[in-house]
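S.K.: sequence unknown, structure follows:
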């Protein structure tokens, strides 16, 4: 026991340093370096004649409730329709999704249905569909995501730069009841990081609701991939060395899942996909990749291991309660988790409510990562997903 007490400060302080570095110090570093030496170029504006052909590709499963509205939203885009196609790849849908797509396709020749009769999973469907779309640029999105009129143009203009292979748009999450984002501060933080990493050529993946890929660079990824918007862009980056850029002017709005349970399941799935990514993209940690290696380690790997740091800190602190400074540390942890528990129950938009929700979001996200790790370690099978109620 004495040996354990002697060693206990190591996981306590190591975990604290890793969490502080990942969430606070690393963002400060990329912000400063990006300000001093980052790339701030913008794509040149292009006429309609110079724009590339674009295929919007959506893998859909039982999206009857939203697919008609989504198609109308895309048809209202200001992108020239003679250079645009909209492809819905239906992954074994058993509701009225296919019929709804066919109805719209009968009114607009640029809408097309790819019917996969036996459910195969999102990534498997995307792998198949890439070989059947016509555009030079493929914009991947979701059935429940609604894009601004100029978003496709904002994405496509970047591909006039030969080195650009993937362009990530800005995803905005809102509550279905009021159109507001309760986690707005967190999303501003994530978008801030994307901007900083983009300046340094170290952008990690994309927002699944809105990102574009140069079709000629795409290669199929394993069908059981859980987080395609991370694996597809980074696989292309590893293989070709292309640029992944962030375009905040390409905006997409998506409603959050209805209820905390659905949101937790979504986060746990992403967590399982994160650990799957480490096993498949570990070469990104090679220092030869420069800022990209640092970003992958700091922004992704350390965060995915965050729940283990938190558990280790708590257990180590319990062993050290005999020393007064560590009693204070234990009290601080207890207060933090108490505020997090309170934050799950408070409502409203006041400063105190927002302050309480941040610890709740942090703890909930890390608990979901822990559950995701359990799912991954037991073995993930297939890339199918369950749609959330909207």
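M.R.: Sure thing, it's come through. What you are looking at is a predicted structure, and each value in this text was computed from that prediction instead of being measured.
S.K.: I figured residue 270 hits residue 372, correct?
M.R.: Yes. Counting by CB atoms under 8 Å, residue 270 does reach residue 372; the two are 6.8 Å apart. Bear in mind the C-beta positions are built from the backbone N, C-alpha and C, glycine included.
S.K.: neighbour count winner among those two?
M.R.: Using other CB atoms under 10 Å, the more surrounded residue of residue 270 and residue 372 is residue 372, with 25 against 19.
S.K.: can you tell me the element that one falls in?
M.R.: helix 351-378 (DSSP states H and E).
S.K.: in that helix, what counts as buried?
M.R.: For helix 351-378, the neighbour count (16 or more other CB atoms under 10 Å) marks 354, 356-369, 371-373, 375-376 as buried.
S.K.: and if you look at stretch 29-49?
M.R.: 30, 31, 34, 38, 43.
S.K.: from residue 291, how far out is the fourth one?
M.R.: Translated: residue 38. According to CB to CB, to the nearest Å, residue 38 stands 10 Å off from residue 291.
S.K.: ok, now the second one?
M.R.: The gap separating residue 31 from residue 291 is 13 Å, by CB to CB.
S.K.: repeat for the first one
M.R.: Residue 30 sits at a distance of 8 Å from residue 291 (criterion: CB to CB).
S.K.: so what sits against both of the two?
M.R.: 197, 200, 202 (CB atoms under 8 Å, 6 or more residues apart in numbering).
S.K.: so where's this protein uncertain?
M.R.: 1-4, 176-184, 257-260, 347-351, 380-390 (pLDDT under 70).
S.K.: domain-wise, how is it divided?
M.R.: Segmentation of the chain into domains, based on automatic domain parsing, reads 1-36+260-381, 48-256.
S.K.: all the strands of the protein, residue numbers only.
M.R.: In the chain, the segments counted as strands under DSSP state E are 54-60, 84-91, 111-116, 137-141, 145-147, 164-174, 210-214, 243-255.
S.K.: just checking, what packs against the fourth one?
M.R.: Contacting strand 137-141 under the criterion 3 or more CB pairs under 8 Å, 6 or more residues apart in numbering; DSSP states H and E are the following elements: strand 54-60, helix 151-156, strand 210-214, helix 228-240.
S.K.: to residue 339, which of the strands of the chain lies closest?
M.R.: Closest to residue 339 of the strands of the chain is strand 164-174 (CB to CB; 22.8 Å).
S.K.: parallel or antiparallel, which strands does that closest one pair with?
M.R.: Strand pairing for strand 164-174, using DSSP bridges, gives strand 210-214 (antiparallel), strand 243-255 (parallel).
S.K.: in that strand, which residues are buried?
M.R.: 164, 165, 166, 167, 168, 169, 170, 171, 172, 173.
S.K.: what do you get for stretch 280-295?
M.R.: Of the residues in stretch 280-295, 280, 281, 284, 289, 291, 292, 293, 294, 295 count as buried by neighbour count, 16+ other CB under 10 Å.
S.K.: how about stretch 244-253?
M.R.: 244, 245, 246, 247, 250, 251, 252, 253.
S.K.: repeat that for stretch 65-74.
M.R.: 65, 66, 67, 68, 70, 71, 73, 74.
S.K.: what sits in contact with each of residue 38 and residue 291?
M.R.: residue 200.
S.K.: tell me who's in contact with residue 113.
M.R.: 87, 88, 90, 98, 101, 102, 105.
S.K.: now the buried members of those residues.
M.R.: Buried by 16+ other CB under 10 Å: 87, 88, 90, 98, 101, 105, out of these.
S.K.: done for today, thanks.
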